[in-house]
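K.L.:
Here is a sequence together with a model predicted from it:
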Amino acid sequence: MRPRRIAPSLAAFYIATLFALAGPSASAQAVDATTLREPLEIGTAGVVQAGDNPAYAQSDFDDSKWLPVNAKFQPREYFPHTNTPVIWRRIHVKVGPGESQLALQAYFISRAFEVYVNGQKLVQSGGVEPYRAYTRNARMIVAIPPAQLRSGSLVIAVRARAPRTFWESTAPAFNGPMLTLGNETELANRKLLSLIGENVPNFVECLFALGVGLVALALFLGQRERKEYLWIFMLGALNGALLPLLWVSIIRNIPVSLWCVNEIVLFGTLMSILFMVEAFLRRRFGRTLWLCFTLACFSAGVCDVVFLYGLVPSFYDALFTIVIGVVFAGVIPFLLFRQWRRGDREAGLLLIPFLLYSLMIYEQIATSLLQLVPPLRAFAAHLTQLANAFPIGVFNFGLPDVANLCFYFSLVIIIVLRSTRMSRQQAVLEGEMAAAREVQQLIVPENIESIPGFAVDSVYQPAQQVGGDFFQVLPAKDGGLLVVVGDVAGKGLPAAMLVSVLIGAIRTAAEDSNNPSLMLRKLNNRLLGRANGGFSTALAMHITSDGWVSVASAGHLSPYLDGREIVLAGALPLGLAADACYEITQFYLAPCGRLTFYSDGVVEAQNSAGELFGFERARSISTMPAAIIAEAARQFGQSDDITVVAIQRAAAIASAA
């Protein structure tokens, strides 16, 4: 039993000797601010005492037996056998009686603290007892009342909450910037300069991310298959949502419960990055992998929240940094590297910021572990300073800032490279479309050759550069004419290619027969197997020189005869069935009679209110010139290719007959 009694005595003797060597009591070494010319950091001055007593705030309280503050001591070195939730510190300051603009700045003291000057409370952040945790990033400046200054002597007392995080910290318990004494105006100017230098990088990152996100949103709306653009926008939106919270937190300390919004945003950011990487890699992560990713991100956020309240030591925060590091410093860089080795240049660009993130995570883990070894704590502090101090003028960038900026720069480079590549592809495509347009103008005639006894009026207006409508008006061997009008399903270049196939087939079939039904069967056989599941409507008509008309339809709109719709037998469109039959309908075209053919681009024209041009309007204007009909449909609201062909039998030929 004897060793147990001796050990505490030896420890007490060691601590007492240590503080005796540290210097005399605070009462004998008051801070001299009588000739203060610039702000003075006094965070490592004074004396400290564990426990809570309201009398500690009074200027006449005897603190001669309190322990003197040492800038190198950890919390446990002051009070090795206590975990009291509250500690007090007192600093004696001499001031000139004529001083009138002296102020005090409190910064990064504790999650909850109060500052008294000669017993008068001047600053409070959070709640010491009962405990209400607040952030501690804001520099709080308060003017010292003139009445206190006139006394010539100040006692600054700080009552601070000491949670478990404080007691198990391996860093020094107190540092100079915690309390700064100086002229109020100069303190405010220095505060502004510090806010700019320390926080501008964060705001630049958020604004940059928001800008990249908005660009990505515009790209996603045009390319819905590119899911990575959606997740880049989510990253920008989350960073933009964080801006108000960042701004408030540097102006004043806020409750940790409100700052937890930052942890929610952080969780959303980490998950958005994972979804974005998955989209870039063009491969889906398995359920097990997603479960591990989600648990890692969630546990890191929960640990940060618990750490903010001071419930766990910093070592546990390092453990969860290792968990998140496995994902973002291990798995993701490996996947990106493997994809890059396969020739994906975009994966290589994304790998660069993730390597910086890996370096940042390794630094955090290393410094946390080194802090546990007393001889290496100074090296750990130096390593942390190196990783978080890249000064550029008044601005201070750290490794996280560099990694974040590099990340969004990589995304910008990827977007620019994609845009450049798409511009080149668009130029090639436009050249191909222009060539296809020229070919289509050759095979879909704008000027019909003169056919004795008939007047032909036609208009063709594709919805795009090339279209899927087609028509042919050819002279027949018997002195009459052949008319074929059709519409390939779809628009653009694929439809135009099928049009060229059908036009060639029409000209070949017209050399062998004038029979409309036979012509449609030949066109149907020609289209089978070439439409890739598509089809085409068509109408074939033979008009003899004396006005008799034979017509067959493959699902196309019926023509109008002098403003009256001709009723035709229904049939399947071309390209759907090998044994399709097309029934012939016959009627007479009188001298001066007029036949008008439409494509569905006329009747399906749609205005801004969603109203269709419709069959009734189409019928009512069917006797007008083709150009007027086409223009009426276009102005109503063109959404498809518009084709109008009008055939009128000449009166002179009729009278001669």
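P.N.:
Arrived safely.
K.L.:
For the stretch 501-650 of the chain, which segments count as helices?
P.N.:
516-527, 600-603, 614-620, 626-637 (DSSP state H, counting those that start in this stretch).
K.L.:
Kindly reformat these as TSV containing distance to Tyr362 and mean pLDDT.
P.N.:
Any C-beta I mention is one placed from the backbone N, CA and C, and that applies to glycine too. Shown next, in TSV, are the helices of the stretch 501-650 of the chain (distance: least, Cβ to Cβ, whole Å; pLDDT from 0 to 100):
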stretch	distance to Tyr362	mean pLDDT
helix 516-527	64	89
helix 600-603	64	90
helix 614-620	70	92
helix 626-637	61	92
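K.L.:
Figure out which of those is closest to Asn175.
P.N.:
helix 626-637 (71.6 Å; Cβ to Cβ).
K.L.:
That closest one packs against which elements?
P.N.:
In terms of contacts (3 or more Cβ pairs under 8 Å, 6 or more residues apart in numbering; DSSP states H and E), helix 626-637 is packed against strand 454-461, strand 594-598, helix 600-603, helix 614-620, strand 642-649.
K.L.:
What count of nearby residues applies to Val551?
P.N.:
When neighbours are defined as other Cβ atoms under 10 Å, Val551 has 24 of them.
K.L.:
In this structure it contacts Pro516, no?
P.N.:
Yes - applying Cβ atoms under 8 Å, one finds Val551 in contact with Pro516, separated by 5.8 Å.
K.L.:
Mind listing the shared neighbours of those two?
P.N.:
Both Val551 and Pro516 are contacted by 540-542, 584, under the criterion Cβ atoms under 8 Å, 6 or more residues apart in numbering.
K.L.:
Between the residues you listed, which sits nearest Asn137?
P.N.:
Ala540 (80.8 Å).
K.L.:
Got the confidence number for the closest one?
P.N.:
Looking at Ala540, its pLDDT reads 94.
K.L.:
quick one on the thing from earlier: now the helices of the stretch 501-650 of the chain in CSV, please, with extra columns for mean neighbour count.
P.N.:
What follows is the helices of the stretch 501-650 of the chain, written out as CSV (neighbours: other Cβ atoms under 10 Å):
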stretch, mean neighbour count
helix 516-527, 22
helix 600-603, 23
helix 614-620, 15
helix 626-637, 18
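K.L.:
between those helices, which one is nearest to Arg507?
P.N.:
helix 516-527 (10.8 Å).
K.L.:
didn't His542 look like it was pressed against Ser513?
P.N.:
No - using Cβ under 8 Å, His542 is not in contact with Ser513; the gap is 9.2 Å.
K.L.:
and these two? which has more neighbours close in?
P.N.:
Higher neighbour count among His542 and Ser513: His542, with 24 against 15, using other Cβ under 10 Å.
K.L.:
can you pull the contacts of that one?
P.N.:
476, 480-483, 514-516, 549-551.
K.L.:
how about the strands in the stretch 1-150 of the chain?
P.N.:
31-33, 40-41, 47-50, 67-68, 86-95, 102-106, 113-117, 120-125, 140-143 (DSSP state E, counting those that start in this stretch).
K.L.:
Quick one: mean pLDDT for the longest one?
P.N.:
Going back to what we said before, that points to strand 86-95. 96.
K.L.:
Show me how this structure divides into domains.
P.N.:
For the chain, automatic domain parsing gives the domain ranges 21-189, 196-421, 446-656.
K.L.:
Out of those, which gets nearest to Val428?
P.N.:
Across the domains of the chain, Val428 has its closest neighbour in domain 196-421 (10.9 Å, Cβ to Cβ).
K.L.:
what about that closest one, start to end distance?
P.N.:
With Cα to Cα, to the nearest Å as the measure, domain 196-421 spans 39 Å from end to end.
K.L.:
any idea how far that domain is from the chain center?
P.N.:
13 Å (Cα atoms, centre = their mean, to the nearest Å).
K.L.:
And stretch 180-193, by the same measure?
P.N.:
39 Å.
K.L.:
Would you mark the buried spots in that stretch?
P.N.:
By neighbour count on 16 or more other Cβ atoms under 10 Å, the buried set for stretch 180-193 is 180-184, 187, 190-191.
K.L.:
With stretch 153-170 instead?
P.N.:
154-163, 165-170.
K.L.:
Could I get the contacting residues of Tyr78?
P.N.:
48, 50, 67, 173 are the contacts of Tyr78 under Cβ under 8 Å, 6+ apart.
K.L.:
and which of the residues you listed is nearest Leu291?
P.N.:
Ala173 (41.1 Å).
K.L.:
Spatially central residue in this protein, please.
P.N.:
By Cα atoms, centre = their mean, the chain has its centre lying nearest to Phe233, at 1.5 Å.
K.L.:
So it versus Ile273, what's the distance?
P.N.:
Here Phe233 is placed at a distance of 13 Å from Ile273 (Cβ to Cβ, to the nearest Å).
K.L.:
ok so, going back, now do the helix or strand where the residue nearest to the centre of the chain lies: everything it contacts.
P.N.:
Element membership for Phe233, per DSSP states H and E: helix 227-251. For helix 227-251, contacts defined as Cβ under 8 Å, 6+ apart pick out 135, 137-138, 195, 198-199, 202-203, 205-207, 209-214, 216-217, 219-220, 223, 254, 258-259, 261-262, 265, 268-269, 272-273, 275-276, 279-280, 411.
K.L.:
Quick one: residues contacting Ser412.
P.N.:
Actually, residue 412 is Val rather than Ser. Val212.
K.L.:
mind starting the numbering at 23 from now?
P.N.:
Yes, from this point I'll number from 23; that puts the last item at Val434.
K.L.:
can I assume it sits in a helix?
P.N.:
Yes - secondary structure assignment places Val434 in a helix (DSSP: H, G, I helix; E, B strand; the rest coil).
K.L.:
Relative to Cys228, how far out is it?
P.N.:
Distance from Val434 to Cys228, by Cβ to Cβ: 15 Å.
K.L.:
now Val495
P.N.:
Taken as Cβ to Cβ, the span from Val495 to Cys228 is 65 Å.
K.L.:
now swap in Ser279 and tell me
P.N.:
Taking Cβ to Cβ, one finds Ser279 at 22 Å from Cys228.
K.L.:
Please, where are all the helices along the stretch 123-272 of the chain?
P.N.:
168-171, 186-189, 206-244, 249-273.
K.L.:
Leu58 is nearest to which of these?
P.N.:
Of these, nearest to Leu58 by Cβ to Cβ is helix 206-244, at 10.1 Å.
K.L.:
Show me what the closest one packs onto, helices and strands only.
P.N.:
strand 124-128, strand 162-165, helix 249-273, strand 417-419, helix 421-465.
K.L.:
just checking, which of those sits deepest inside the structure?
P.N.:
strand 124-128 (a mean of 23; mean count of other Cβ atoms under 10 Å).
K.L.:
Adjacent strands (with direction) for that one?
P.N.:
strand 162-165 (antiparallel), strand 201-205 (antiparallel) (DSSP bridges).
K.L.:
The nearest residue to Pro497 once chain neighbours are set aside and Leu264: what is the separation?
P.N.:
Spatial nearest neighbour of Pro497, excluding adjacent residues (Cβ to Cβ, 6 or more residues apart in numbering): Ile473 at 5.2 Å. From Ile473 across to Leu264, the span is 74 Å (Cβ to Cβ).
K.L.:
for Arg529, same thing?
P.N.:
Relative to Leu264, and taking Cβ to Cβ, Arg529 is found at 67 Å.
K.L.:
Ok, Gly244 next?
P.N.:
For Gly244 relative to Leu264 (Cβ to Cβ), the value is 27 Å.
K.L.:
on that earlier part again, tabulate the domains of the chain in TSV, adding columns for distance to Leu451.
P.N.:
Below are the domains of the chain laid out as TSV (distance: least, Cβ to Cβ, whole Å):
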stretch	distance to Leu451
domain 43-211	53
domain 218-443	12
domain 468-678	8
